[in-house]
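# Generate a structure from the sequence data that follows.
(one chain, ligands or ions: 1)
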Amino acid sequence: MSDLRELYQQLILDHNRSPKNFRTLEEPTGHADGHNPLCGDRVTVYVRLEGDLVADVSFLGEGCAISKASASLMTQALKGKTLAQAQDLLAKFVAMVTTDAPPDEALGKLAVFKGVCEFPMRVKCATLAWHTLEAALKP
Ligand code: ZN
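Next up is the predicted model:
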């Protein structure tokens, strides 16, 4: 059983302290609000699609370190990806934190959230931004 301290690895702490893409977008093609009542996390995800490409993605919100770092790393991972790649990453991320399977290579740094799968209460923190992104991508 992993220690909770391990869960809060340095990368998560850094992204919580200085989140990337923590802003609104000028002309988003989509945005959505997400709320995790179990923990009190709130996030708004903004996305700007150019054709099939995720040209820009950002977020604002308040919540625990896991939820904020997950949103921050998500925006970094998705910028410049195609819509299909973004949806593929979403599926792989959710699979990583909800099953025992090892993280898919495509997840890169996002593998830091693998430990979350041992803490069911934290899974919703880690997936909040991703599910909110899913809603923001809906036309
Ligand atoms: Zn949380």
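
# where along the protein do the strands fall?
30-36, 41-50, 53-62 (DSSP state E).

# Of all the ones you listed, which one comes closest to the ion?
strand 41-50 (4.2 Å; C-beta to the ion). C-betas here are computed from N, CA, C, even on glycine.

# Parallel or antiparallel, list what pairs with that closest one.
Paired with strand 41-50 in the same sheet, following DSSP bridges, are strand 30-36 (antiparallel), strand 53-62 (antiparallel).

# With mean neighbour count and distance to the ion as added columns, please give those strands in TSV.
Shown next, in TSV, are the strands paired with strand 41-50 (neighbours: other C-beta atoms under 10 Å; distance: least, C-beta to the ion, whole Å):
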stretch	mean neighbour count	distance to the ion
strand 30-36	18	6
strand 53-62	20	10
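
# how about these in JSON lines, adding mean pLDDT?
Output for the strands paired with strand 41-50, formatted as JSON lines (pLDDT from 0 to 100):
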{"stretch": "strand 30-36", "mean pLDDT": "98"}
{"stretch": "strand 53-62", "mean pLDDT": "98"}
